[in-house]
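[1] Whatever this is, show me its structure:
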Amino acid sequence: MSNDVVLVIVVGTALAFDFTNGFHDTANVVATSISTRAMPPRVAVAYASVLNFVGAFISLAVAATVAKDVVNAGAITPTVVFAGLIGAIAWNLATWYFALPSSSSHALIGGVVGAAFAAAGTDAIFRDGLIGKVLIPAVVAPILAFVVGVLAINVVYGIVGRERPGPVNRGFRFGQVLSGGMLALAHGNE
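    Below you'll find the predicted structure:
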């Protein structure tokens, strides 16, 4: 098979992964804005889609980290990328079907790490990078987010707890639109 055909297959598979990544997480981005009627459903999904697309062009930090710190760049071949994408797509579909929360970035990293390991063995994986850049943050981030969320909600209740509902609701709707947009932008950057 020619290199051009392989490249087209890998790019097509990457687009399929991006599609599963999008529909896997779009509901999380737009749910609060739609449920509180801050935005109509079509507007919310279009808003999230545009910002998700823009986010993809902001940074290649995840790809750079995988190539530099987690997997030996010499082990990353089109076949490894293809296999990693297939693994990530399968994971996205399984977690979507069973309604399990999951990170598409971690699915992709896991797919590429698994494919590189299968193709080149343990020498292809940088153990310290995998532990320090992927596994520890995957455990610490939800715990830290929970603690920050508890603190933030208590601060917000302290600030607006005795205010009139009308102005507070308008402010929160604007905040939901803004935070949903930032989440979509960050999600596209994964």
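[2] Quick check: chain neighbours aside, which residue is closest to D25?
    Closest residue to D25 apart from its sequence neighbours, by Cβ to Cβ, 6 or more residues apart in numbering: H187 at 5.6 Å. C-beta here means a position set from N, CA and C on the backbone, and glycine is covered the same way.
[3] count of neighbours near the one you found?
    Counted with other Cβ atoms under 10 Å, residues neighbouring H187 total 23.
[4] try V113
    Other residues within reach of V113, judged by other Cβ under 10 Å, total 22.
[5] ok, it touching R127?
    No. The criterion here is Cβ atoms under 8 Å, and V113 misses it with R127 at 10.6 Å.
[6] Correct me if wrong: A56 contacts G188.
    Yes. A56 lies in contact with G188 (Cβ under 8 Å); the separation is 4.6 Å.
[7] Compare those two (neighbour count), which wins?
    Per other Cβ under 10 Å, whichever of A56 and G188 has more neighbours is G188, with 24 against 15.
[8] Can you tell me how far that one is from S104?
    From G188 over to S104 the distance is 11 Å, taken as Cβ to Cβ, to the nearest Å.
[9] and if you look at V8?
    For V8 relative to S104 (Cβ to Cβ), the value is 23 Å.
[10] So those two - more neighbours on which side?
    Between V8 and S104, counting by other Cβ under 10 Å, S104 is the more crowded of the two (22 against 11).
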